[in-house]
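# Fold the following, please.
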Amino acid sequence: MEKVASPLSAIPTNAAGRTTPSALRSTWVPLAIAAIAFLFGVYAALYYSRLGLALAHYDARAHLVVARRILDSLTPGWQQIGAVWLPLPHVLNMLPVQVDAWYRSGASAIALSVTSMTVTTWALARFTVRTTGSVVGGVAGAALLMLNPNLLYLQSTPMTEPLLLATCLLAMALTADWVDADGTAGTRAAGWAIVAACMTRYEAWPVCGALIALAWLALLRRGVPIGTSLRRTIRLATYPAIALVLFSANSRWTTGAWFVPSGFFVPENEALGHAALAFSQVRESVVRLSGDAWLWPAYIASLLVVVAAARRRSHAVLLLVLALAAAAVLPWYAFYQGHPLRIRYGLPLVAACAALTATGIGLIWRPLRVPAAAAVIVWALQSSPFTAHAPMIAEAQRDATNKVGRGSVTNYLRDHWDGTTIMMSMGSLAHYMHDLTELRARVRDFLQEGNEQLWVHAAAQGPRGFVRWVVIEERAEGGDALFQAAQRDPHFLDGFVRVAEGGGVALYRATDPNPNSQLPK
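All right, here's what the predicted structure looks like:
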């Protein structure tokens, strides 16, 4: 039976069985770095909350709604988990977000983000110190992560990228333990960490695929026979494989499709069908979020990692850090498919550059490590980590004008809404559902895609007889599903009158004051 390695089980001891100084460094230094990162992250979260930016991004509010709807819905239950987004962030926040104050403020999801960045810094520091023996490298990596204003802002919101970074870096650190044990111990810990990453965001899929492939190469480099290393690697890969099969089955059950790769955006990127331009956009995203100063040290560090692994078998485990660069695959493919340019998709690569640079610093001649770390940090810090003008913050406020415009719709509902169900597409307007919490609206007050057959019938037959209120997004991404249905069928909104509009959103009210509602009581 395989031994299961804990994070402390791989700590080496001397002949007397006592923990060595290097082992103490690899244990306590990462914990100290993580503690500092946590306090810094809490301060940042309070800072951006005071500026009113914590929920500025429409996806930040939408993630809260998706987590809340699992229990607060016309049809609550596990089927509410099925959606375009992966489930782990929403499952983790499912219970806390039922507290109204935490739901409205996003407090529980922000706490999850801050905790995630703490885990990220711990995992990076632990990997760096254990594989290179360099405390300086671990400190430099954590500093590069926590002093980047775009990463710092995102960890102060309910967005899911911080959890992505935490699970990917944790998977890397635990897979390194597995490699150090030649694949004989730690499979379960590494496997479940990889599963967590794959169930957080799609960027993790190519990262974890590369991680498993590089882990196999590392075993080979360490001298494990090809057949033995392949069997052990397949055992590790079984964990995410089973998880992805279960996710696909759940998606098929809840949405009717095994996988939902498209249909949620209008192809409008000039990189559509142009691979080179799509790659250029990915690189430009990283530059805008961090500057060229982050890229060149990462390039040099990648070369150092490859050389170190080629020269010494004991350094084969360093190859795992290269897997983080695979986060470029998803945004490249998205832009190639015409997805609108979003610099946010470059943030995992910013973290990858920090991890690569930290590892590279740990590989250079010891007397040069402190000067190199200081130079890289100073070079990378092109602005204060606390700023309201970071590129990520500007992108987060893209919906600000529309939010103001939707005020006319909100005001009409405030004066006239009778508390009955509102039909609204969560796929397009989940963020507006959250905005309507100011009217004490709950997720169960909306008929949305997660309500399965109720939504299917109402969207096919028209909302008459189901609801008295309909809210339609008419502009963003070519209009939502209800707008498209109304365009196809001129009778779709029969029995309804347009009563308010603003910010690309239109509100319709039933002319029949007492429709025979088919919704559950």
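# Skipping adjacent residues, who's closest to Leu330 in space?
Distances taken as C-beta to C-beta, 6 or more residues apart in numbering put Glu203 closest to Leu330, at 4.7 Å, once the chain neighbours are dropped. In short, each C-beta sits where N, CA and C put it, glycine included.
# Could you do Ala334 as well?
Among residues not flanking Ala334 along the chain, Tyr345 sits closest, at 6.9 Å (C-beta to C-beta, 6+ apart).
# which residues sit in contact with the residue nearest to Leu330?
Glu203 makes contact with Leu164, Ala327, Val329, Leu330, Pro331, Tyr345, Pro348, according to C-beta atoms under 8 Å, 6 or more residues apart in numbering.
# now do Asp489
The contact partners of Asp489, taken as C-beta under 8 Å, 6+ apart, are Gly462.
# Mind giving me the packing neighbours of the helix or strand Ser280 falls within?
Using DSSP states H and E, Ser280 falls within helix 275-290. Other elements packing on helix 275-290 under the criterion 3 or more C-beta pairs under 8 Å, 6 or more residues apart in numbering; DSSP states H and E are helix 292-311, helix 329-336, helix 347-363, helix 391-396.
# Determine which stretch of those helices is the most buried.
helix 347-363 (a mean of 28; mean count of other C-beta atoms under 10 Å).
# Just after it, pick out the following helix or strand.
Following helix 347-363 in sequence, per DSSP H and E, is helix 366-380.
# Any regions of the protein where pLDDT drops low?
Residues of the chain meeting the criterion pLDDT under 70: 1-24, 82-83, 250-266, 513-521.
# All the strands of it, residue numbers only.
422-424, 446-447, 469-473, 496-502, 505-510 (DSSP state E).
# Single out the most deeply packed of those.
strand 446-447 (a mean of 27).
# That one: partners in the sheet, and parallel or antiparallel?
strand 422-424 (parallel) (DSSP bridges).
# List the residues that contact the closest residue to Gly427 other than its chain neighbours.
Nearest non-adjacent residue to Gly427, counting by C-beta to C-beta, 6+ apart: Glu449, 5.8 Å away. Contacts for Glu449 were tallied using C-beta under 8 Å, 6+ apart; they are Ala83, Ser425, Met426, Gly427, Trp455, Ala481.
# how much space is there between Glu449 and Ala190?
35 Å (C-beta to C-beta, to the nearest Å).
# try His416
Noted for His416: a distance of 56 Å to Ala190, by C-beta to C-beta.
# need the helices and strands packed on helix 275-290 in CSV with distance to Ala278, can you?
Formatted as CSV, those follow (distance: least, C-beta to C-beta, whole Å):
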stretch, distance to Ala278
helix 292-311, 18
helix 329-336, 4
helix 347-363, 14
helix 391-396, 18
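# Nearest to Pro96 among the ones you listed would be which one?
helix 391-396 (22.4 Å; C-beta to C-beta).
# The closest residue to Pro149 other than its chain neighbours: how many residues sit nearby?
Once flanking residues are discounted, Pro149 sits nearest to Ala390: 4.1 Å by C-beta to C-beta, 6+ apart. As a burial measure, Ala390 scores 23 neighbours (other C-beta atoms under 10 Å).
# just Glu452 next, same as before
18.
# Verify the stated contact: it with Gly77.
No: Glu452 lies out of contact with Gly77 (C-beta atoms under 8 Å); the separation is 10.0 Å.
# and the gap between the residue nearest to Leu74 when sequence neighbours are not counted and Leu165?
Leaving aside its chain neighbours, Leu74 sits nearest to Asn451 (5.0 Å; criterion: C-beta to C-beta, 6+ apart). For Asn451, the distance to Leu165 (C-beta to C-beta) stands at 33 Å.
# neighbour count winner among the two?
The neighbour comparison of Asn451 against Leu165 (other C-beta under 10 Å) goes to Leu165, with 36 against 25.
# That one is in contact with Thr120, isn't it?
Yes: the pair Leu165 and Thr120 qualifies as a contact (C-beta under 8 Å) at a distance of 4.5 Å.
# thinking again about what came up before, next, the contact list for the residue nearest to Pro149, please.
So Ala390 contacts Pro149, Asn150, Tyr153, Ser383 (C-beta under 8 Å, 6+ apart).
# In those, which residue is surrounded by the most others?
For those, neighbours tallied by other C-beta under 10 Å; top is Tyr153, 28 neighbours.
# For that one, give me its contacts.
For Tyr153, the contact set (C-beta under 8 Å, 6+ apart) comprises Ala44, Tyr48, Leu53, Ala390, Met392, Ile393, Ala396.
# from the residues you listed, which is closest to Ile70?
Among the contacts of Tyr153, and counting by C-beta to C-beta, the member closest to Ile70 is Ala396, at 25.0 Å.
# Now do that closest one against Ser156, distance only.
Looking at Ala396 against Ser156, where the rule is C-beta to C-beta, the gap reads 11 Å.
# Check His90 too.
Going from His90 to Ser156 by C-beta to C-beta gives 19 Å.
# Between the two, point out the one with more neighbours.
Set His90 next to Ser156 and count neighbours by other C-beta under 10 Å: Ser156 wins out with 26 against 23.
# who are the neighbours in contact with that one?
Neighbours of Ser156 in contact, by C-beta under 8 Å, 6+ apart: Gly41, Ala44, Ala45, Tyr47, Tyr48, Ser49, Leu53, Ala54, Ile110, Ser113, Val114.
# Please produce a PyMOL select command covering the buried subset of those residues.
Per 16 or more other C-beta atoms under 10 Å, the buried members of the contacts of Ser156 correspond to this PyMOL selection:
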select buried, resi 41+44+45+47+48+49+53+54+110+113+114
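# What is the nearest of the contacts of Ser156 to Ala355?
Gly41 (17.6 Å).
# Surely the closest one touches Ala142?
No: contact criterion C-beta under 8 Å: Gly41 and Ala142 do not qualify, at 11.1 Å.
# How far away from the center of its chain is stretch 32-43?
Centre-to-centre, stretch 32-43 and its host chain are 20 Å apart (C-alpha atoms, centre = their mean, to the nearest Å).
# for Val505, what are its contacts?
Counting by C-beta under 8 Å, 6+ apart, Val505 makes contact with Asn402, Gly405, Arg406, Val409, Leu429, Tyr432, Val471, Ile472, Glu473, Glu474.
# Val224 too?
By C-beta under 8 Å, 6+ apart, the contact set of Val224 is Asp182, Gly183, Arg232.
# For burial, what's the neighbour tally of the second one?
I take that to be Gly183. Counted with other C-beta under 10 Å, the neighbours of Gly183 add up to 26.
# for the first one, same thing?
By the criterion of other C-beta under 10 Å, Asp182 has 15 neighbours.
# The last one too?
Residues lying near Arg232 (other C-beta under 10 Å) number 22.
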